[in-house]
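Enquirer: Provided below for reference: sequence and predicted model.
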Amino acid sequence: MIKTGAVVLSALLIFGGANLFANREIEDETKYCDTVYTQYDVSTAAEVESSVISYTTRTVDKYDLALRCPSFEYSPAYGSCAAIAGGNLVGFFDRYNENLIPNHKSGTAIGNTYMYNTEDAAVQAVIRELYTYMGTTTSGTTEKQFINGVTEYCKVKGSSITFSSCMTSGSFSYTKAQSYLKNNQPIVFFLNSYNVTQITEQDKKDGISTYVSNVPHIMIGFGYKTYVYDGNTTYRYCTVASGVSGYATGLFDINHNTKINNALAVSIS
């Protein structure tokens, strides 16, 4: 686990060693850029798939960080998915430190859970700030730019940020992610391609609709959901805020038409 201020994080990135990028390959020039205002031709970059799973028995194991988590989707310009993801991330922790999004009420406690409010002008202002802090351009944002930008933003707001890897030997560890989520730490996904899935549960038959994009993207995981059909067929999902208009919330199928470059659990205090 690495606890950082902007200076410490920068030093780790420059001098290597036990840092966020150790023991894995990273393409420094990968630009994550898919948003509501994608610069790609949507007809070739994305599609919606439909399927049905028939079963005799079904078990579901799920966990969510809130009844409704942040799902902001305001895009100030082309290629802003990193800034939107950063907004959803600081929006989650604004519940504990209201200075992260000034002039914004994060949400309402409901029993033992929480319901986050929808985006407003204050949220949109923060997303624009993050766009600047990350050095985002219309071609997108690199992973390092995202990390440095959100770290600097938190520092300015009087907070510190911790990043922890959810990867094992270069592959995403669902088990690690589950553990961090249960420790109140959302997951940042850096994806070369991705999906957002909706499941309509029915008796003996589940309908699945999946938005699939081949554009590099960043989105935030706020929970997990595991389906086991007939005792032997397992589907593993993370509950996500995608930042993509029309598909802002849903499930990310970690094994379907996707490449997870990196996944980091985050805590802001």
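Expert: Okay, I see it. Numbering: from 1, shown residues only.
Enquirer: which ones are touching Leu181?
Expert: Neighbouring residues of Leu181 by Cβ atoms under 8 Å, 6 or more residues apart in numbering: Tyr63, Leu65, Ile187, Gly221, Phe222, Gly223, Tyr224, Ala265. (C-beta placed from N, C-alpha, C; glycine too.)
Enquirer: run the last query once more with 6 Å
Expert: With Cβ atoms under 6 Å, 6 or more residues apart in numbering as the criterion, no residue contacts Leu181.
Enquirer: immediately after the strand or helix carrying it, which helix or strand?
Expert: Of the helices and strands defined by DSSP states H and E, Leu181 is found in helix 174-182. Using DSSP H and E, the next helix or strand after helix 174-182 towards the C-terminus is strand 187-200.
Enquirer: name the residues that touch that following strand?
Expert: So strand 187-200 is in contact with 143, 166, 177, 206-214, 216-219, 221, 242, 247, 250-251, 253, 256-266, going by Cβ under 6 Å, 6+ apart.
Enquirer: again, but for stretch 232-239
Expert: For stretch 232-239, the surrounding residues in contact (Cβ under 6 Å, 6+ apart) are 64, 174, 221-228, 251-254.
Enquirer: for stretch 113-123, same thing?
Expert: By Cβ under 6 Å, 6+ apart, stretch 113-123 touches 66-70, 72, 74, 101, 103-105, 107-108.
Enquirer: before we move on, the earlier item: just the ones in helices from the contacts of strand 187-200, please.
Expert: Within the contacts of strand 187-200, residues falling in helices by DSSP state H are Glu143, Ala177.
Enquirer: just the strands in the stretch 101-250 of the chain please.
Expert: Secondary structure of the stretch 101-250 of the chain (DSSP state E, counting those that start in this stretch): strands at 107-110, 113-116, 161-165, 167-168, 171-172, 187-200, 205-213, 217-229, 233-241, 249-253.
Enquirer: which residues touch Ile101?
Expert: Asp94, Ala122, Val126.
Enquirer: from these, list just the buried residues.
Expert: Neighbour-count burial (16 or more other Cβ atoms under 10 Å) applied to those gives Asp94, Val126.
Enquirer: which of the contacts of stretch 232-239 are buried?
Expert: The buried subset of these - by 16+ other Cβ under 10 Å - is Tyr174, Gly221, Phe222, Gly223, Tyr224, Lys225, Tyr227, Val228, Leu251, Phe252, Asp253, Ile254.
Enquirer: next, give me the two most distant ones among these.
Expert: Farthest-apart pair in those is Phe222 and Val228; separation 21.7 Å (Cβ to Cβ).
Enquirer: got a winner among the contacts of stretch 113-123 for most neighbours?
Expert: Pro70 (29 neighbours; other Cβ atoms under 10 Å).
Enquirer: look up how far Ser267 lies from it.
Expert: When distance is defined by Cβ to Cβ, to the nearest Å, Pro70 is 16 Å away from Ser267.
Enquirer: next one: Phe92
Expert: 10 Å.
Enquirer: the more surrounded of the two?
Expert: The neighbour count for Phe92 versus Ser267, taken as other Cβ under 10 Å, is higher for Phe92 (26 against 17).
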